[in-house]
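Participant: I would like the atomic coordinates for the input below:
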Amino acid sequence: MRVLPAAVAFASALAAAPALHAQPVDFPIAAADGTPLPPGISIRKDKAGSVYVDRKGNVLYGMDMRTVLRWAPDPAKFCGEECKVDWRPLLAPANATVNIAYPRPYREDSAKGLINPQKAPDWTVIAGNDGPQWVYKGWHLVFTRIADARSTAYDGAGDLTWNTLKYVPPKPSFKAPATVGTRFVDGRYVLTDADGRLLFTGTCRQPCTWRGLPAPMASRGTGEWTVSLAGDAPQWMRKGKPVFVSDADGPDALPPGTSILQP
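Facilitator: Residues are numbered from 1 along each chain as shown. Below is the predicted model:
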């Protein structure tokens, strides 16, 4: 099995920054790719979203190894005796093949045909302090809490070094104009424009102040998307309903009576 390298460019960036820590805003966990879960691992849904848990229901936490490169030459060994008072590594089977290693100069390894950690499968194995240990999405060394192990309350613990291992489902496939994308919001994927702004539909009373999703004049549409020329400028329609662009960051701030668009 090939060994996956780590990009040490993160080390220099972190060393230059006064305070960077793993958190969803800084280093978001990529969507799951559908790789089978390790034995005993499952997904728990609750009001705060979906998180991975072990066979005992203990919440899995990720320590993003990019954040500790400035303090540890081998981030896989960062959680030593003091750390293990609070955190327990999620060990892979003792005979598991280690298939990811840190730190390694990516430029050297890429020339050998090794895989970038950013493109790693969901679950890989590293040589941890106590044996083979699970890593999620190439960067997140997996642990559970020793106390209150089933709680998500420690999300952001250690000055945002530790974060619940959140499950983000694979991005759905759908047919839409090239300027339409997706965002994962409140546990679901929603449609956005090219700048990540939410798309919605509804009946806009005249004079309408909502901003329509612009469409090219010559477009014939695609699938359930068509172009309306009824207004001052071409506007995308989906399933015969006008599509608007929201200036609000979340679905809760959309105009009353409107619906956010989903794939």
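Participant: what's around the closest residue to W162 other than its chain neighbours, how many residues?
Facilitator: In this structure, W162 finds its nearest non-sequential neighbour in Y61, 5.0 Å apart by CB to CB, 6 or more residues apart in numbering. For every residue, glycine as well, the C-beta is placed using N, CA and C. By the criterion of other CB atoms under 10 Å, Y61 has 27 neighbours.
Participant: my guess is Y61 meets G156, correct?
Facilitator: No. Look at Y61 against G156 with CB atoms under 8 Å: they stay out of range, at 10.2 Å.
Participant: any residues in contact with both of the two?
Facilitator: In terms of CB atoms under 8 Å, 6 or more residues apart in numbering, Y61 and G156 are both contacted by the residues 162-163.
Participant: for the stretch 1-150 of the chain, which segments count as strands?
Facilitator: 42-46, 49-53, 60-64, 87-89, 123-128, 131-136, 140-145 (DSSP state E, counting those that start in this stretch).
Participant: mind giving me the domain split of the protein?
Facilitator: 9-164, 181-260 (automatic domain parsing).
Participant: tell me the mean pLDDT over the longest one?
Facilitator: The reference is to domain 9-164. Throughout domain 9-164, pLDDT has a mean value of 81.
Participant: do the same with the last one
Facilitator: Mean per-residue pLDDT for domain 181-260: 91.
Participant: determine how far the last residue of that domain lies from the first.
Facilitator: Length of domain 181-260, first residue to last, CA to CA, to the nearest Å: 13 Å.
Participant: measure L160 to M63 for me?
Facilitator: Distance of L160 to M63, given as CB to CB, to the nearest Å: 11 Å.
Participant: those two: which is more packed in?
Facilitator: Of the pair L160 and M63, M63 is the one with more neighbours under other CB under 10 Å, namely 26 against 18.
Participant: got a list of what that one touches?
Facilitator: Counting by CB under 8 Å, 6+ apart, M63 has contacts 22, 78-79, 87, 140-141, 143, 161-162.
Participant: one more: P132?
Facilitator: Contact analysis of P132 by CB under 8 Å, 6+ apart lists 91-94, 96, 98, 125-126.
Participant: all helices for the stretch 101-250 of the chain, in order.
Facilitator: Counting by DSSP state H, counting those that start in this stretch, the stretch 101-250 of the chain has these helices, from start to end: 106-110, 157-160.
Participant: buried ones in the last one?
Facilitator: Neighbour counts using 16 or more other CB atoms under 10 Å place 158, 160 of helix 157-160 among the buried residues.
Participant: just stretch 192-201 next, same as before
Facilitator: 192-193, 197-201.
Participant: repeat that for stretch 228-238.
Facilitator: Judged by neighbour count (16+ other CB under 10 Å), stretch 228-238 contains these buried residues: 228, 234-238.
Participant: distance between it and the chain's centre?
Facilitator: Here stretch 228-238 is found 34 Å from its chain centre; the criterion is CA atoms, centre = their mean, to the nearest Å.
Participant: just the residues contacting that stretch, thanks.
Facilitator: Taking CB under 8 Å, 6+ apart as the rule, stretch 228-238 contacts 177, 180, 201, 212-217, 219, 224-227, 242-243, 261.
Participant: let's see 6 Å
Facilitator: Contacts with stretch 228-238, where a contact means CB atoms under 6 Å, 6 or more residues apart in numbering, come from 212-213, 215, 217, 224-227, 243.
Participant: ok, and the most crowded of the residues you listed?
Facilitator: That'd be L213 among those, by other CB under 10 Å, with 26 neighbours.
Participant: that one reaches V243, doesn't it?
Facilitator: Yes. The pair L213 and V243 qualifies as a contact (CB atoms under 6 Å) at a distance of 4.3 Å.
Participant: follow-up on the earlier one: and the buried ones among the contacts of P132, selectable in ChimeraX?
Facilitator: One line in ChimeraX is enough to select the buried ones among those; burial here means 16+ other CB under 10 Å:
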select :92,96,98,125,126
